[in-house]
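Participant: 3D model of this:
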Amino acid sequence: MNRELVVLRSFSTAMALGLVLVATVAFKNNGHHQFEEIDVQRINIVEADGTVKMIITNVDKFPNGDTQINNRPTNADRKKRSGMIFFNEDGIECGGFIYDGALTENGHSAGLSLTFDQYDGDQVMQLLTTDSKQGDRRRVSSSLVFMDRAENENQLKTMEIMAELQELRKTDPSAARAKMMEYQEQGLVGGAPRVMLGKTGSQNNGLFLFDDQGMPRAMFYVDQENQAKLDFFSENGEVLYSFPPAPEK
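Facilitator: Here you go, the predicted model:
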């Protein structure tokens, strides 16, 4: 009886190993598979050399903290969200698509962002919508924004600078501001919106143009009263000309 049990167990083990081997060989020999439906928490799209080119992820698997992608650190403090992250041929993050939305204590908060980055830098184009409600007040803003970035910006240096400034603000906020200006003059950090098309937080719909410091210089929009307006501004934000002209008081 004991010998029969040993033989039976050995046969079962051999069959299981055989099935695993067959399945493994089948998947290796055929690179194309079809599925009607699949549930997955995260997908990494990789090149043949292992370079990650895109990540599709749920909230929990979103890379941040100490996670490294393509042997590079990710943004440690970035909030986890569901969506996609894009990487270029050098393995550097170059944009992404994220979204969220949830009920709050007295309303809701939701948003969606599709961004494309300057090489080894931050975003230069963003499609953004935010929707927040508190009590009876709801504010929705949607826009397509184009931005300038610092000329010498790179992601690893930016992370290092932001960590330095964060620590400095705890003890000497004025020194942190001075250090930030120093880095901006070196072209290591900073950026400014240049063109925005969409609806602002003040519910004006139109085309908004900014100078290289991010100051508004021209606006063509329809306001909350459905009045079409054209405004021009000085470098200090003062209105130089409006059409139609404001009525005299």
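Participant: could you point out where the protein is predicted with low confidence?
Facilitator: 1-30, 249 (pLDDT under 70).
Participant: Secondary structure element holding the residue positioned nearest the centre of it?
Facilitator: Among the residues of the chain, the one closest to the centroid is Gly96, at 4.9 Å (CA atoms, centre = their mean). Using DSSP states H and E, the element containing Gly96 is strand 93-104.
Participant: about what we covered before: was I right about the residue nearest to the centre of the chain contacting Gly83?
Facilitator: Yes - Gly96 is within contact range of Gly83, at 6.3 Å (criterion: CB atoms under 8 Å). Where you see a C-beta, it was placed from the backbone N, CA and C, and this is true even at glycine.
Participant: who does the residue nearest to the residue nearest to the centre of the chain when sequence neighbours are not counted bridge with?
Facilitator: Leaving aside its chain neighbours, Gly96 sits nearest to Ile85 (4.3 Å; criterion: CB to CB, 6 or more residues apart in numbering). Per DSSP bridges, the residues bridged to Ile85 are Ile55, Gly96.
Participant: In contact with Ile85, which residues are there?
Facilitator: Contacts for Ile85 were tallied using CB atoms under 8 Å, 6 or more residues apart in numbering; they are Met54, Ile55, Thr57, Pro63, Ile69, Glu93, Gly95, Gly96.
Participant: Let me have these in CSV, extended by distance to Asp77.
Facilitator: Formatted as CSV, the contacts of Ile85 follow (distance: CB to CB, whole Å):
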residue, distance to Asp77
Met54, 22
Ile55, 18
Thr57, 17
Pro63, 13
Ile69, 16
Glu93, 15
Gly95, 19
Gly96, 16
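Participant: follow-up on the earlier one: taking strand 93-104 as reference, get the angle to the helix or strand following the strand holding Gly96.
Facilitator: Sequence-wise, the next helix or strand downstream of strand 93-104 (DSSP H and E) is strand 107-117. Interaxial angle of strand 107-117 relative to strand 93-104 (axes from the mean of the first three to the mean of the last three CA atoms, to 10 degrees): 180 degrees.
Participant: From Val40, how far off is Lys193?
Facilitator: Lys isn't right for residue 193; it's Pro. Distance from Pro193 to Val40, counting by CB to CB, to the nearest Å: 37 Å.
Participant: Compare neighbour counts for the two and give me the winner.
Facilitator: Set Pro193 next to Val40 and count neighbours by other CB atoms under 10 Å: Pro193 wins out with 17 against 9.
Participant: Before I go, just wanted to say thanks for your time.
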